[in-house]
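Trainee: generate coordinates for the sequence data below:
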Amino acid sequence: MLILNHNQQQELVKSLLYLKMSELKNLCLYFKLPTQGEKIKLIEGIQYYITTGKIITPQEIPTISKAKPKNNYPLAPETFILKNAFKNDLKTRIFLKTLIGNHFHYTAYGIDWIKTLWIQSTPPTYAQFAIYWESEYKAQKITKPIMKPEWAYLNFVDHYKKENPNTSKSQAITAWKNEQKRQVNQVKEILNIDKL
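Mentor: Residues are numbered from 1 along each chain as shown. Modelled structure (predicted):
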């Protein structure tokens, strides 16, 4: 098992946030870890394996939260939002605007809320989602929206623009790409591997 000191572990987790999904999956394959799941779950799995030598089993979405094949799930307030039936598409967005208003847009907090309820075996209806989304939208207008660590690109560009207010979008993207390369190299150095 790879032994890293506390500082190396902290640096590794920070650097992993900059990796692309393909790079994270390659790293999971290198350590023989599951490659399914969202970015933060892959990072948590790598971190857990490196610190404990154990593999986290990905959480399965229970059957009650999944759409049944060949069943019809119309876009209606009382319809349950189910895995494999819920779509992040224009038709669904237009429908949700009829429930919430024209200010509706897909948000990470909304999708995360749905996924959390799926795992808990309590899929919400579209009406419940509309109530939750609107209340969270109002709350985030009062307080600054939370920027998740896994949103490395958004966090980097936000910070870069604050430090360089006259920068152009292309300059910010170039700076991001350079930082991403640096962080990838740091991961390879900490883990003592040649490529991702």
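
Trainee: low-confidence stretches in this structure?
Mentor: Counting by pLDDT under 70, the low-confidence segments of the chain come to 1, 142-150.

Trainee: name the SS class of the residue of it positioned farthest from its centre, please.
Mentor: Relative to the centre of the chain, the most outlying C-alpha is that of Asn166, 29.7 Å out, by Cα atoms, centre = their mean. Classification of Asn166 into helix, strand or coil gives coil, according to DSSP: H, G, I helix; E, B strand; the rest coil.

Trainee: if I look at it, how far off is Tyr160?
Mentor: Counting by Cβ to Cβ, to the nearest Å, the separation of Asn166 from Tyr160 is 12 Å. Where you see a C-beta, it was placed from the backbone N, CA and C, and this is true even at glycine.

Trainee: who does the strand or helix carrying Phe156 touch, helix- and strand-wise?
Mentor: For Phe156, the element it lies in under DSSP states H and E is helix 152-163. Under the contact criterion of 3 or more Cβ pairs under 8 Å, 6 or more residues apart in numbering; DSSP states H and E, the helices and strands touching helix 152-163 comprise helix 169-191.

Trainee: packing partners of the helix it packs on?
Mentor: The criterion is 3+ Cβ pairs under 8 Å, 6+ apart, and the helices and strands that helix 169-191 contacts are helix 6-16, helix 21-30, helix 152-163.

Trainee: who's in contact with the last one?
Mentor: This points to helix 152-163. 17-18, 147, 149, 167, 172-173, 175-176, 179-180 (Cβ atoms under 8 Å, 6 or more residues apart in numbering).

Trainee: can you flag the buried ones in the residues you listed?
Mentor: The neighbour-count test (16 or more other Cβ atoms under 10 Å) marks 17-18, 172, 175-176, 180 as buried among those.

Trainee: closest one to Ile193 out of the residues you listed, please.
Mentor: Of all the buried ones among the contacts of helix 152-163, the one sitting nearest Ile193 is Tyr18; the distance, using Cβ to Cβ, is 15.8 Å.

Trainee: checking that closest one next. Helix, strand or coil?
Mentor: coil.
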